[in-house]
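[1] A predicted structure for the sequence below; I have some questions about it.
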Amino acid sequence: MTARPARLADLAEIALGLPEVQEGTTWGRPAYVVRKKAFVHFREPRPDAVDPDTGERMDDVICFSVGDQNDKDALVASESPWFTTPHFDGYNAVLLRERDLGRLTRRELEEVVTDAWAARAPKRLVEAYFDEA
């Protein structure tokens, strides 16, 4: 059986299926938030993320929290659509263009979103979630 490519609707379904997650906003853009902490958010076009083909600011960048620098390095180093910019040096997050969601499987997206949630949610909430799973 072939794994299904991830879709934008999957992102919402996965994020909202995690404990205490709400849709919110960060800097006026959509975000998924656990106890007032965003773990996935849609970035506004910024000068640090420019499309190499057009020279235009990317308007479809999604930011995902990660647990630590090792997690970040592993995602960015893999042959995948994950990337970072100098703006995120020292910050535990990776970036993904919305147009590249389909390069991931739904299962891969679920793993990264769950890890992003776990990186920002309170420890007790994370422990309870994984104990139940």
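    The structure has been received and is ready for your questions.
[2] Show me where the protein has its helices.
    8-16, 69-77, 106-120, 123-132 (DSSP state H).
[3] Need the residues that contact stretch 47-56.
    43, 45, 57, 58, 61, 85, 86, 87, 88, 95 (C-beta atoms under 8 Å, 6 or more residues apart in numbering). C-beta: built from backbone N, CA, C; applies to glycine.
[4] How about stretch 7-14?
    For stretch 7-14, contacts defined as C-beta under 8 Å, 6+ apart pick out 23, 32, 40, 62, 98, 101, 102, 106, 109, 110, 113, 114.
[5] And stretch 123-133, by the same measure?
    Contact partners of stretch 123-133, identified using C-beta under 8 Å, 6+ apart, comprise 18, 19, 20, 34, 35, 117, 118, 121.
[6] before we move on, what about stretch 83-100?
    Residues from elsewhere that reach stretch 83-100 (C-beta under 8 Å, 6+ apart): 8, 42-43, 46, 48-49, 58, 60-69, 71-72, 75-76, 81-82, 104, 112, 119.
[7] before we move on, what about stretch 101-114?
    By C-beta under 8 Å, 6+ apart, the residues outside stretch 101-114 that reach it are 3-8, 10-11, 14-15, 18, 32, 39-40, 64, 75, 80-81, 94, 96.
[8] Emit the PyMOL select command for whichever of those are buried.
    Selection of buried members from the contacts of stretch 101-114 for PyMOL, criterion 16 or more other C-beta atoms under 10 Å:
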select buried, resi 6+10+11+14+15+18+32+39+40+64+75+80+81+94+96
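[9] Okay then, goodbye and thanks.
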